[in-house]
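**Q** Fold the stuff below for me.
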Amino acid sequence: MYFAILGKHPQISLAELQKIKPTFYPSSKKGIVIFETEIPEGLKLLGGSIKTGKVVAEKDLQTLLQEVKIIGIQEEAIGKHFKRTIGIRRFKTVKINHTDKEIKEKGKEIINLDNGKYGIVEQYQNIPLYESIDFEKPGRSMSMGMMPAKLTHILINIGIQATTIIQNEPITIYDPFCGSGTTNFLANILGYNTVGSDINITYAQKNLPWRQATPFYNQDTSIDFFTHDITKPIPNNISNGSIIITEGRLGPIITKRSNPDDVRKAQQQIQKLYTDFFTNIIKSDLFPTIICTIPRYIGYDNTHEQLLQTTINSLGYDRKSISEIYQREDQQVGRKICIVTKKGKK
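**A** Predicted coordinates for the structure are as follows:
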């Protein structure tokens, strides 16, 4: 049995978790899920879960922890209890939603799941990977879309789970709004060939040599970029059956003080861009699965979503979405995650 501590957006974390086909069991702890899976190796590939690992009974902890020099625990009373009952050498209290470097590198973290069950943390979110992509790229600009690396990781896993491509066939990840290359660099380290295009690929091309020199680069997969305007028909140089993982333009910065007319104008621009995007992508008949984000304007009418739904349906595809909006507390524009597939498929 396994457990996962869900991220700040639990519904999105749960959607990604479907990649490992879990069977859930009741959990009394908010933000923690307990499950069985036949794909436990997939746990280390998740982006939306803060920590994952195995569920064990308290009676088994002494054997499992006998060589561990230090454990991390959320409650001091439980740490003292373990010292008395199973003879642990040393413990320190750690926060359940944070990664303690000492515990990760030199010890084991234990999660109290109640009813005599505990979780032993085996995987943590790959924060160094996300920070490298988000903050260390030599080529980036606020004028282009800047989808967070962690969200990109989650979208890739959702896309793999949703695809109609036979799983033993090679999968290529395509981002038609590649910007500085975030999607492509995440797809590469996760083991997928990847292609990116945009009106301007200067930043993506500048970042590629940097990426190849980092420890996060996977030499066994390919990364290619080409110039293309997504409002124009899709060229034929992309593998049939590729999965699209992307985020288009979020529009101008919107605040609580923004003029409603300016917001409506931004929504109209977004609707036009995404209509062209979906029309050209779907008519190319190259992509059975499209995972993308659509801007959600907090506190405003979002009629552009329904209009895009109508466009997608008229082209023979279905659109499902995750109800939870990916946003930060200080943001007025969030991200609605959409899963677009051919009708009659997943």
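**Q** Give me the distance between the closest residue to residue 230 other than its chain neighbours and residue 234.
**A** Excluding its sequence neighbours, the residue lying closest to residue 230 (C-beta to C-beta, 6 or more residues apart in numbering) is residue 176, at 4.7 Å. Yep, even glycine has a C-beta here, placed from its N, CA and C like the rest. Plainly put, residue 176 is 8 Å away from residue 234 if you go by C-beta to C-beta, to the nearest Å.
**Q** any idea how far residue 232 is from the residue nearest to residue 230?
**A** Residue 176 is 11 Å from residue 232, by C-beta to C-beta.
**Q** Equivalent analysis for residue 74, please.
**A** Taking C-beta to C-beta, one finds residue 74 at 54 Å from residue 232.
**Q** try residue 259
**A** 32 Å.
**Q** between residue 74 and residue 232, who's got more neighbours?
**A** residue 74 (15 against 10; other C-beta atoms under 10 Å).
**Q** List the contacts of that one.
**A** Contacts here follow C-beta atoms under 8 Å, 6 or more residues apart in numbering; on that basis residue 74 touches 93, 94, 95, 96, 111, 112.
**Q** Over to residue 275?
**A** 307, 308, 311.
**Q** Is residue 295 in a helix, a strand, or coil?
**A** Using DSSP: H, G, I helix; E, B strand; the rest coil, the structure places residue 295 in strand.
**Q** So what pairs up with it in the strands?
**A** residue 335 (DSSP bridges).
**Q** pretty sure it contacts residue 251?
**A** Yes: between residue 295 and residue 251 a contact is recorded at 5.8 Å, counting by C-beta atoms under 8 Å.
**Q** what's the overlap in contacts for these two?
**A** 267, 270, 333.
**Q** Just say helix, strand or coil for the second one.
**A** Remark: residue 270 carries the secondary structure label helix [criterion: three-state DSSP].
**Q** Residues contacting whichever strand or helix holds residue 79, please?
**A** Element membership of residue 79 [criterion: DSSP states H and E] is helix 76-85. By C-beta under 8 Å, 6+ apart, the residues outside helix 76-85 that reach it are 61, 62, 71, 73, 88, 91, 92, 93, 110, 112.
**Q** In contact with residue 10, which residues are there?
**A** Per C-beta under 8 Å, 6+ apart, neighbours of residue 10: 31, 324.
**Q** what about it, distance to residue 244?
**A** 25 Å.
**Q** what's the answer for residue 201, then?
**A** Distance check for residue 201 against residue 244: by C-beta to C-beta, it reads 17 Å.
**Q** So which of these two has more stuff around it?
**A** Taking other C-beta under 10 Å, residue 201 and residue 244 do not tie; residue 244 has more neighbours (24 against 19).
**Q** pLDDT score assigned to the spatially closest residue to residue 255 that is not a sequence neighbour?
**A** Distance criterion C-beta to C-beta, 6+ apart; nearest residue to residue 255, sequence neighbours excluded, is residue 332 at 5.8 Å. pLDDT for residue 332: 90.
**Q** okay, now residue 332: neighbour count?
**A** 17.
**Q** How about residue 187?
**A** Neighbour count of residue 187, defined by other C-beta under 10 Å: 29.
**Q** Sticking with it, tell me its helix or strand.
**A** With DSSP H and E as the test, residue 187 turns up in helix 182-189.
**Q** What are the boundaries of the strands in the stretch 51-200 of the chain?
**A** Secondary structure of the stretch 51-200 of the chain (DSSP state E, counting those that start in this stretch): strands at 71-73, 91-93, 108-114, 117-124, 172-175, 193-198.
**Q** Among the ones you listed, which comes closest to residue 327?
**A** Residue 327 sits nearest to strand 172-175 of all those, at 21.3 Å, using C-beta to C-beta.
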